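# sequence and predicted structure below; questions after.
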Amino acid sequence: MLRKIYFGLSILLLIFLSPLALAEEVSARQVAEEFQDKLIEVMKQGKALGFQGRYEQLDAAVKKSHDLPKIARIVVGKQWEELTSAQQVKLEEDFSRLSVSAYAHNFKDYSGESFSFISEEETGRGGVVVHTNLKIPGEKDVKFDYMMKKKDDGWQIINIIADGVSDLALKRSDYTSVLSREGFDALIAKINEKIESYAK
Amino acid sequence: MYTPIYLGKSRASLGWALFFSGVLSISGCASTEPVRKAAKAAPVQVTPVDPYEGFNRSMYGFNMGMDKYLLKPVADGYRFITPNFMQTGVSNFFNNLKGINVVLNDLLQGKFEQGASDTGRFLTNSTIGVLGLFDVASDLGLDSNVEDFGQTLAVWGVDQGPYLVLPLLGPTTVRDGGAIIVDKAANPDTYVPGTGILEGINDRANAEGALNFIDEAALDPYVFTRESFLQYRNNLINDGKADIDDLDLDVDAAFDDEVVTTDSKKKVKSKPANGEVSSQLDGGGISPAYSPTIEAFDSMSKSFDDALLAFEQASAKMDELSKKKRRFRRR
């Protein structure tokens, strides 16, 4: 009898803990690596896919692994608060399209590149930085550091630091400059200009 | 999202640092220290990164104009007529000559182990590598390091000073601009007349990938160039060992202290942009002592704007003339 109870309890325990265990499993490292695998995969078929094909392949992967709404917020800085909600939605949408387009444009072919994991580090404020290396045959390695934050039940990328150059900081300076000098409409126009030229 | 500048086949990372300015093989150097300080505690922001933005912007415009009409065509021509292996050879050759300066600065920064490795590198490439034309040392595991006197000054604790865009030389900072003199003195090719021109063409050709990338990605190419230049230099100074918590702060600053950070940033930016800097000094920010300098820079920038305009007009005229000629011939 006692055994049966133990058995029942242990099964119950397993059932309760398994979702926890599963949720725990998708670590920041895994999110980053899964995304890198996808990138390499798309690069390998890059030429056959064409821009549109690469865009479609990467769209879901980028949106899943990156916290694009949050990034879109950060890049306009304080001025986010001054935008109307329609403008905020527009910015988020166009920024997402730009991000995916940039990936689709820049990872267009494959010549033996590979990513490798180096280490994982927790930051003071509950974030995780995943250090990786991009090996390009015949060239110096490029350090890719992914700054990740927990969102809901998983980790998402909010910044990529390539050889010490922070993408987020770069974009924030770029976007806030355009926004304060030329206004919101010019910012959106420029983002769309970039999307178009990436697609060419 | 994300900057794959280094994916290009060219030595984009080098071109990146040298940006355009690579043209005369600049060695700037910059730490983003003031930026970070600003993020941590905005009120302490005493050193704005770019107080001469007005001057710098027109200088940037001038440089880009020169690039479009003169330097890029020359570099494109060079890339067109020169076989790939020769371009690599030329790049290797000039890089190797910089090796003496790299060793010197290794020692000045107290990096003795790296200095030994770089000495070995220089000796190997100068002998087995046929005067540096072949980079044998990298294949032997002696990786190249980028060191210059600007970085040494930074290690010694000299402030980066304001960001500057110099005519033809491109992006630099006050500290790094001065440091170029030492780098030049320690480079043998300074003493051989004419080599500078080939080196310039070669550097510009190598920077092609980086320049195209900026063109594609930047909404405001001036700001994009400035930020990436300063960050890249900062990374060189730290030898790639950035403090992770600093990066985290960078992100969090955007949230938590959002108001504060952008406020102070705005202050810095709006001043030069508005032109009437001196009247706007509302305590904090730039000290009044700056304003005459800024005015001087502004008037200088006007003359460069004029020069660019004249240049553009001249080129338009040339286009017209050549069109007329063609028409003439057809008749």
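Sure thing, it's come through. Small disclaimer: the values here were computed from a predicted structure and weren't measured.
# average pLDDT for stretch A:149-159, rounded please.
When pLDDT is averaged along stretch A:149-159, the result is 89.
# ok, residues contacting it?
A:23, A:26-28, A:31-32, A:35, A:65-67, A:70-71, A:74, A:126-128, A:146-148, A:166-169, B:1, B:247, B:250-251 (CB atoms under 8 Å, 6 or more residues apart in numbering or on different chains). C-beta here means a position set from N, CA and C on the backbone, and glycine is covered the same way.
# now, of these, which are buried?
A:28, A:31-32, A:35, A:65-67, A:70-71, A:74, A:127-128, A:146-148, A:166-169, B:1, B:247, B:250-251 (16 or more other CB atoms under 10 Å in any protein chain shown).
# what is the neighbour count of the residue of the stretch 101-250 of chain B found nearest chain A?
Going by CB to the nearest CB, chain A is nearest to residue B:235 of the stretch 101-250 of chain B, at 2.6 Å. Counted by other CB atoms under 10 Å in any protein chain shown, the residues lying close to residue B:235 total 23.
# element containing it?
Per DSSP states H and E: residue B:235 is located in helix B:221-237.
# so residue B:163 sits against residue B:50, correct?
Yes: between residue B:163 and residue B:50 there is a contact under CB atoms under 8 Å: 4.5 Å.
# which residues do the two both contact?
B:56, B:226.
# in chain A, which residue is most central in space?
Closest to where the C-alpha atoms of chain A average out (CA atoms, centre = their mean) is residue A:66, at 2.7 Å.
# what bridges to that one?
residue A:157 (DSSP bridges).
# how about the contacts made by it?
Here residue A:66 is in contact with A:99, A:156, A:157, A:158, B:1 (criterion: CB under 8 Å, 6+ apart).
# beta-bridge partners for residue A:145, please?
The partner residues for residue A:145, given DSSP bridges, come to residue A:131, residue A:161.
# contacts only, for residue A:75.
Applying CB under 8 Å, 6+ apart, the residues contacting residue A:75 are A:95, A:168, A:171, A:172, A:174, A:175, A:176.
# from those residues, which are also near chain B?
Under the cut-off given by CB under 8 Å from any CB of the partner chain, chain B has A:168, A:171, A:172, A:174, A:175, A:176 from those close to it.
# still on that earlier bit, quick one: which of the contacts of residue A:75 has the most company?
In the contacts of residue A:75, the most neighbours by other CB under 10 Å go to residue A:171, 27 neighbours.
# can you pull out the low-pLDDT segments for the chain?
Using chain A here. A:1-2, A:5, A:7-25 (pLDDT under 70).
# the chain in question should be chain B.
For chain B, the stretches with pLDDT under 70 are B:1-47, B:243-300, B:311, B:325-331.
# same thing but 80
By pLDDT under 80, the low-scoring segments of chain B are B:1-48, B:241-331.
# residue boundaries of the strands in it?
B:163-166, B:170-173 (DSSP state E).
# one more: chain A?
Using DSSP E, strands in chain A cover A:114-122, A:128-135, A:142-151, A:154-162, A:165-166.
# the residue of chain A found nearest chain B: what's it in contact with?
Chain B sits closest to residue A:164 of chain A, with a gap of 2.6 Å, by CB to the nearest CB. Each residue near residue A:164 by CB under 8 Å, 6+ apart is listed here: A:143, B:231, B:232, B:234, B:235, B:236, B:238, B:240, B:242.
# gap between it and residue B:240?
6 Å (CB to CB, to the nearest Å).
# now swap in residue A:168 and tell me
18 Å.
# how many neighbouring residues does residue B:65 have?
The burial count for residue B:65: 18, using other CB under 10 Å.
# ugh, wrong one, I meant residue B:112
Count around residue B:112 with other CB under 10 Å applied: 10.
# need the nearest residue in space to it, chain neighbours excluded.
residue B:106 (7.4 Å; CB to CB, 6 or more residues apart in numbering or on different chains).
# contact partners for that neighbour?
B:112, B:114, B:115, B:118, B:145, B:147.
# let's see that with 7 Å instead.
B:114, B:115, B:118, B:147 (CB atoms under 7 Å, 6 or more residues apart in numbering or on different chains).
# quick check, nearest of these to residue B:77?
The closest of those to residue B:77 turns out to be residue B:147 (CB to CB; 32.2 Å).
# residues near that closest one, how many?
Neighbours around residue B:147, by other CB under 10 Å: 30.
# equivalent analysis for residue B:136, please.
Neighbour count for residue B:136, taken as other CB under 10 Å: 17.
# isn't it right up against residue B:127?
No: judged on CB atoms under 7 Å, residue B:136 makes no contact with residue B:127 at a distance of 9.0 Å.
# for residue A:27, see how far away residue B:238 is.
Residue B:238 is 27 Å from residue A:27, by CB to CB.
# next one: residue A:140
Relative to residue A:27, and taking CB to CB, residue A:140 is found at 28 Å.
# quick one: the helices in the stretch 151-300 of chain B?
With DSSP state H, counting those that start in this stretch, the ranges of helices along the stretch 151-300 of chain B come out as B:174-185, B:195-206, B:208-217, B:221-237, B:244-255, B:258-274, B:290-330.
# right, I mislabeled it, should have said chain A
Remark: helices assigned in chain A by DSSP state H are A:2-25, A:28-44, A:46-65, A:68-75, A:85-106, A:167-182, A:184-199.
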